[in-house]
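> sharing a sequence plus its predicted fold:
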Amino acid sequence: MDNILSIFIRSIFIDNMVFAFFFGMCSYIAVSKSVKTAMGLGIAVIFVLTVTVPLNYLLNEYMLTKGALSWLGEDFAKIDLSYLSFIVFIAVIASFVQLVEMVVEKFSPSLYNQLGIFLPLIAVNCAIMGGSLFMQEAQYANIGEATAFGFGSGIGWWLAIVMMAAIREKISYSNVPAPLRGVGITFIITGLMGIAFMTFLGIQL
């Protein structure tokens, strides 16, 4: 249980997808103009990461890695399907993103219109794919650890985009120099927030 909590906290603050690895920057920059819109996309990312990371963990452990198919019999023990990891992970992610898109369109048309193209683009968001690839690299011991990592990574990305949206709403009333308005000041703030999040490296987990 302690290890799961450690993985969860670490994935939010220390290994934050945005501030530690700068993953998912395209939607992070484009959608962080409004807190309401950022909140909606952030929740969608949390859902997709929380579901796809443990599901891809199971596929990786029982289908893709070398010897994973040994449960089918000795003849399958030497089969290595790890070269299919990318396409399998993407297929799982795309399926759940499509589900999220249909749900948002059904129950919140206004949010669906605000998110526009960036909602289906979750399927190719490097933060989402990065979650599954980091899970694969970390070789977590069980599905609980993989789920904690996926959920924590989603929370971390949501936290980053909502914080940025809140700041951008405030600085819209500030006297920002003309050359830095828009994306320029956003990148500067992102860098400063990344430096601020580096202080969490001192947490002993």
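Arrived safely. Numbers count the residues shown, from 1 in each chain.

> per-residue confidence for the closest residue to Leu84 other than its chain neighbours?
Counting by CB to CB, 6 or more residues apart in numbering, Leu84 lies nearest to Leu64, which is 6.2 Å off, once chain neighbours are set aside. All C-beta spots, glycine's among them, are computed from the backbone N, C-alpha and C. Per-residue confidence (pLDDT) for Leu64: 90.

> ditto for Leu205
What the model reports as pLDDT for Leu205 is 64.

> now do the SS call for Phe22.
Three-state assignment for Phe22 (DSSP: H, G, I helix; E, B strand; the rest coil): coil.

> the helices in this protein, which residues?
Read by DSSP state H, the chain holds these helices, from start to end of the chain: 2-9, 25-31, 35-59, 85-107, 109-115, 126-138, 143-171, 183-197.

> show me what the fifth one is packed against.
When you say that, I think you mean helix 109-115. Contact analysis of helix 109-115 by 3 or more CB pairs under 8 Å, 6 or more residues apart in numbering; DSSP states H and E lists helix 35-59, helix 85-107 as its packing neighbours.

> cool, the second one as well?
The helices and strands touching helix 25-31, judged by 3+ CB pairs under 8 Å, 6+ apart, are helix 35-59, helix 143-171, helix 183-197.

> who's in contact with the last one?
It stands for helix 183-197. Outside helix 183-197, the residues within contact range by CB atoms under 8 Å, 6 or more residues apart in numbering are 13-14, 16, 18-20, 22, 25, 28-29, 32, 160, 163-164, 167-168, 171, 176, 180.

> was I right about the residue nearest to Leu84 contacting Ser82?
Yes. Proximity of Leu64 to Ser82 meets the contact threshold set by CB atoms under 8 Å, at 5.3 Å.

> so for these two, which residue has more residues nearby?
Leu64 (21 against 14; other CB atoms under 10 Å).

> list the contacts of the residue lying closest to Leu119 once chain neighbours are set aside.
Distance criterion CB to CB, 6+ apart; nearest residue to Leu119, sequence neighbours excluded, is Glu101 at 5.4 Å. Contact analysis of Glu101 by CB under 8 Å, 6+ apart lists Tyr112, Leu119, Pro120.

> tally of neighbours for the first one?
Using other CB under 10 Å, Tyr112 has 17 neighbouring residues.

> what about it, distance to Phe118?
When distances are taken as CB to CB, to the nearest Å, Tyr112 and Phe118 turn out to be 11 Å apart.

> how about Ala44?
Taken as CB to CB, the span from Ala44 to Phe118 is 10 Å.
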